[in-house]
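S.K.: give me the fold of what follows.
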Amino acid sequence: MTGWRARLGFLIPPGSPTTEPEICKMTPPGVSAHFTRMVAHGIAGSLEGQEERNRTQIAHLDENIALLSMVKPSVITLAHTATSYTLGRAAEQDLVQRIESTTGIPFITAFGSVVAALKHLGISRVAVGTPYSEASTLQCKANLQAHGFEVVSCARLEGVTNIYDETAERAYRLARQVDVVGAQAVFLSGVGMPTIDILEVLERDIGKPAISSASAMMWNALRVAGVNASVAGYGQLLQGLQG
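M.R.: The predicted structure is shown next:
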């Protein structure tokens with residue numbers, strides 16, 4: 001049977017070429033990953049119109065979840081960090097509760113997974129890098145602060161024309177840029193920017209935990225699904241046993 005340990009469901013932006021390959025790389029044996037693309041309009045990956053695309057995804061979420069629910073996933077993940085920044089803390093919590101009540105399926109978000117991962121690692125002071133616009137980056141920072149984290153360093157990747165054209169090397173450089181002595185960990189936001197292949201080497205170079213939206217949501221999806229798996233190669237969060 002496909003997904004005999006667990007089936008993981010992911011809701012992803014319609015134009016993302018990054019999310020599915022990264023999730024599949026991190027999926028352990030006996031676990032299957034299943035995807036539904038959300039509804040959004042405009043130029044996929046562009047910094048322009050991102051807030052409007054986020055709101056369109058939220059507006060169509062129920063119909064997308066209904067489709068993904070047909071594969072009977074153990075958990076459904078909203079695999080788009082910036083949507084949570086548009087929602088804000090209270091609205092995100094309300095959304096999670098409503099969907100779980102309606103579907104009976106555990107529902108998590110990429111950003112909620114980041115919050116859970118930072119708490120799991122005992123992190124209170126974090127450095128943050130994003131590929132977003134200045135406005136979205138400030139939303140990211142504000143949401144972390146609303147959850148009680150001290151953002152000791154925060155920067156956006158310069159020269160981004162389309163998030164989906166970015167590279168893991170550029171993500172690595174951004175992480176090194178934001179890392180400061182006072183940060184206990186580095187967080188790279190945005191599942192559209194390739195990140196997972198640089199997390200392990202980044203941790204070796206900076207000597208502290210490094211997580212991305214993608215690694216955090218995979219860790220959390222496995223944890224919520226009850227899969228106690230150690231996934232090597234993508235940083236200490238996934239390397240360690242689930243907790």
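
S.K.: centroid residue for the protein?
M.R.: S213 (2.7 Å; Cα atoms, centre = their mean).

S.K.: can you give me the strands in this protein?
M.R.: 6-12, 31-37, 75-78, 107-109, 125-130, 150-156, 185-188, 210-212 (DSSP state E).

S.K.: could you check the angle the fifth one makes with strand 150-156?
M.R.: Taking axes from the mean of the first three to the mean of the last three Cα atoms, to 10 degrees, one finds strand 125-130 and strand 150-156 inclined to each other by 20 degrees.

S.K.: distance between strand 125-130 and the chain's centre?
M.R.: 14 Å (Cα atoms, centre = their mean, to the nearest Å).

S.K.: give me the residues contacting the helix or strand of the chain with the lowest mean pLDDT.
M.R.: Ranked by mean pLDDT, DSSP states H and E, the weakest helix or strand in the chain is helix 50-59, scoring a mean of 90. Contact partners of helix 50-59, identified using Cβ atoms under 8 Å, 6 or more residues apart in numbering, comprise 13, 38-42, 44, 80, 82-83, 85-87, 95, 132-133, 135-136. Where you see a C-beta, it was placed from the backbone N, CA and C, and this is true even at glycine.

S.K.: inside helices: which ones of those residues?
M.R.: Mapping these onto helices (DSSP state H) picks out A82, T83, Y85, T86, L87, L95, A135, S136.

S.K.: was I right about the last one contacting T81?
M.R.: So the one you mean is S136. No: with contact defined as Cβ atoms under 8 Å, S136 does not reach T81; the gap is 9.6 Å.

S.K.: so which of the two has more stuff around it?
M.R.: More crowded of S136 and T81, by other Cβ atoms under 10 Å: T81, with 30 against 22.

S.K.: surely the more buried one touches G190?
M.R.: Yes: here T81 reaches G190: they are 5.7 Å apart, a contact under Cβ under 8 Å.

S.K.: which residues do the two both contact?
M.R.: With Cβ under 8 Å, 6+ apart as the test, T81 and G190 both reach S213.

S.K.: low-confidence ranges in the protein?
M.R.: Within the chain, the stretches with pLDDT under 70 are 241-243.

S.K.: if you set the cut-off to 80 instead, what comes out?
M.R.: For the chain, applying pLDDT under 80 flags the ranges 1, 241-243.
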